[in-house]
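>>> have a look at this fold, sequence not included:
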């Protein structure tokens, strides 16, 4: 109540659990990019009917991360969400202007400071963002530091409403570093008895 969120709501396909973790790892680090259709469909199913026109905007990757990975998983999910909801995709609305270190082990305040100024509105898309309503798409929402930086950039660009759409959302504070673990390929906290490999990926959970 004292610090209300700057977004208009969160639409998550699932809570972050072992099944969600394995899917995200297989998609992002196992390069099972065909999973984007499934994950995107699950996200879209959680988004209510939205009045008027909305822009579907992915969380951006820095160009070096995009080069090393070969794809932006958020952009692939955003494309599916756009296709299924009928709202326009604006894949380059945001830019990540500098590389940022892994956020694991950092407090929420430290994460926000690390990402401060790292994400900006694309100057070429400012006219489209001004007054727009935006669905911000990501794979995993943990502390909200990355989405918060995106929302701040969208607001500065003139967006009047922003909602978050993601595949998996972390609610348990004990899993606060889960998204960073997924980003590095370590997979986050392991439930008792969980396997060390991502099904179908043929790779261990060590950072790629």
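Nice, thanks for sending it over. As the structure is a computational prediction, the values presented were derived from the model and not from experiment.

>>> quick one: residue 119 and residue 34, what's the gap?
28 Å (CB to CB, to the nearest Å). Yep, even glycine has a C-beta here, placed from its N, CA and C like the rest.

>>> list the buried ones in the helix or strand where residue 44 lies?
Assigned by DSSP states H and E, residue 44 belongs to helix 35-46. For helix 35-46, burial by neighbour count (16 or more other CB atoms under 10 Å) applies to 35, 36, 39, 40, 42, 43, 44.

>>> tell me, how many residues neighbour residue 86?
By other CB atoms under 10 Å, 11 other residues sit near residue 86.

>>> quick one: contacts for residue 89?
By CB atoms under 8 Å, 6 or more residues apart in numbering, the contact list for residue 89 reads 55, 56, 78, 79, 82.

>>> am I right that the second one is in a strand?
Yes. In this structure, residue 56 lies within a strand as judged by DSSP: H, G, I helix; E, B strand; the rest coil.

>>> rewinding a little: okay, residue 119 and residue 34: which has more neighbours?
residue 119 (24 against 10).

>>> wait, the more buried one sits on residue 150?
Yes. The pair residue 119 / residue 150 is scored as a contact, 5.5 Å apart, by CB atoms under 8 Å.

>>> phi and psi next, for the nearest residue in space to residue 43 that is not next to it in sequence.
Excluding its sequence neighbours, the residue lying closest to residue 43 (CB to CB, 6 or more residues apart in numbering) is residue 13, at 4.8 Å. Dihedral angles of residue 13 (phi, psi; degrees, to the nearest 10) stand at phi -70, psi -40.

>>> now residue 52
phi 80, psi -160.

>>> buried residues, stretch 78-96. List them.
Buried residues in stretch 78-96 (16+ other CB under 10 Å): 78-82, 84-85, 87, 89-91, 93-96.

>>> ugh, wrong one, stretch 150-167
So stretch 150-167, judged by 16+ other CB under 10 Å, has buried residues 150-155, 157, 159, 161-167.

>>> helices or strands next to the strand or helix carrying residue 80 in the packing?
Assessed by DSSP H and E, residue 80 sits inside helix 73-85. Contacts defined by 3 or more CB pairs under 8 Å, 6 or more residues apart in numbering; DSSP states H and E place helix 73-85 against helix 35-46, strand 55-58, strand 88-89, strand 133-141.
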